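1. Would you be able to build a 3D model of this:
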Amino acid sequence: MKDMKDTPKTKAEWRDKLTPEQYQVLRKSGTERAFTGEYWDSKTAGTYRCAGCGEELFSSDTKYESQSGWPSFYAPLNPEIIDEESDRAFGMVRTEVKCANCGGHLGHLFDDGPNPTGLRYCINSAALDLEADEDEG
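-> Prediction:
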C-alpha cells in the first residue's frame, strides 16, 4: 500500500484523494474535536492504517481508553513508521507524530500512557483507516 516515498503528491492530488477533514488533519496539521472522530471509542479489532498512504501504523491490541476523546495507543506497530517533531504551536511544547511514509500529521505523543511504554499516541480519527480483522466482520 505504500505509495509516497517514491511518488510525492501535489496539493491538488492530496485534495482529490482525501476528504476535506482528512486534508485538514493530514496535510494542514489540524485536530478534530474531542469525542467526534470515528475511532475514538472503537473496540473493533484490526490494524489502523494512515488514511493518506495506507501505511500500517497501530494495532487495536495497543489501543486503550485514555478518556481524551481521541484514539489512543501505547505503541506503534513499528517505531520507524512514526516520525516525531517538536510542536511549539499554541504556546505549548508537544511532540507531533507524523506518518514516516507520506509525512501526514497524525496527532501528538504524550508521556502519560499506560504500561508497558508509558506513552500515549493521541491520534486523530481522520488520519486513520481501520482495517478490521477478518473475524470482526
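
2. quick one, phi psi at Ala34?
-> Ala34 adopts backbone torsions of phi -60, psi 140, taken as degrees, to the nearest 10.

3. Centroid-nearest residue for this protein?
-> Leu106 (3.6 Å; CA atoms, centre = their mean).

4. What values do phi and psi take at it?
-> Torsion angles at Leu106 (phi, psi; degrees, to the nearest 10) stand at phi -100, psi -40.

5. where do the helices sit along the chain?
-> Counting by DSSP state H, the chain has helices at residues 11-17, 20-26.

6. Quickly run through the sheet partners of the lowest-mean-pLDDT helix or strand in the chain, with directions.
-> Ranked by mean pLDDT, DSSP states H and E, the weakest helix or strand in the chain is strand 82-87, scoring a mean of 89. Strand 82-87 sits in its sheet next to strand 94-99 (antiparallel), going by DSSP bridges.

7. List the buried residues for the strand it pairs with?
-> For strand 94-99, burial by neighbour count (16 or more other CB atoms under 10 Å) applies to Arg94, Glu96, Val97, Lys98, Cys99. The C-beta positions use only the backbone N, C-alpha and C, and glycine is treated the same way.

8. mind listing what Gly56 touches?
-> Rather than Gly, residue 56 is Glu. Contact partners of Glu56, counting by CB atoms under 8 Å, 6 or more residues apart in numbering, are Met1, Thr47, Tyr48, Arg49, Leu77, Ile81.

9. tell me, how many neighbours does Ser125 end up with?
-> The number of residues packed near Ser125 is 23, by other CB atoms under 10 Å.

10. shouldn't it be in contact with Gly37?
-> Yes - the criterion here is CB atoms under 8 Å, and Ser125 meets it with Gly37 at 2.7 Å.
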